[in-house]
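**Student:** The sequence and its predicted three-dimensional model are supplied below.
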Amino acid sequence: MKFSFGQIILAQIQYTDTFEVKTRPALVLFEEQGNIVVAGITSNTKMKGIFIPKKEGLPRDSVIKLNYIFTISKSMVKKFISNLSGEKKKLIKNELINKIT
């Protein structure tokens, strides 16, 4: 499967402060040469980020953490969950642009 911006996947994620690996949802930003750049997703809706309501495909209301971006191998993807709406993808692109400018 080819992964593209706006897809939500379930993948094995290694935490930055430990060697622990957990299966977590993530937002695909882009894929290149078998590597996928993703943003972390949390169900802790008190965290700062972009809100995703449950109706957009996740088991519960969640938040995309654009301050938690990392690269995973394609082999770490367990399954595809859903696609974000065009409106939500536009919001994410604008937030990312604001962060780098």
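**Tutor:** Nice, I can see it. Just so it is clear, the structure is predicted and the values come from calculations on it, not from any experiment. Numbers count the residues shown, from 1 in each chain.
**Student:** any idea how far Phe19 is from the one residue sitting closest to the centre of the chain?
**Tutor:** The centre of the chain sits closest to Leu27, judged by CA atoms, centre = their mean, with a distance of 2.0 Å. Between Leu27 and Phe19 the computed distance is 23 Å (CB to CB, to the nearest Å). No exception for glycine: its C-beta is placed from N, CA and C like everyone else's.
**Student:** Other residues contacting stretch 69-85?
**Tutor:** 1, 3, 6-13, 16, 23, 25-27, 29, 31, 34-40, 52, 56-58, 92 (CB atoms under 8 Å, 6 or more residues apart in numbering).
**Student:** Derive a PyMOL selection command for the buried subset of those residues.
**Tutor:** Here is the PyMOL command that picks out the buried ones among the contacts of stretch 69-85, judged by 16 or more other CB atoms under 10 Å:
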select buried, resi 3+6+7+8+9+10+11+13+25+26+27+29+31+36+37+38+39+40+52+56+58+92
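**Student:** Can you tell me which of the contacts of stretch 69-85 end up in strands?
**Tutor:** Applying DSSP state E to those, the entries found in strands are 7-13, 23, 25-27, 29, 31, 35-40, 52.
**Student:** Quick check, pLDDT for the nearest residue to Ser4 once chain neighbours are set aside.
**Tutor:** Spatial nearest neighbour of Ser4, excluding adjacent residues (CB to CB, 6 or more residues apart in numbering): Val28 at 6.4 Å. As predicted, Val28 sits at a pLDDT of 98.
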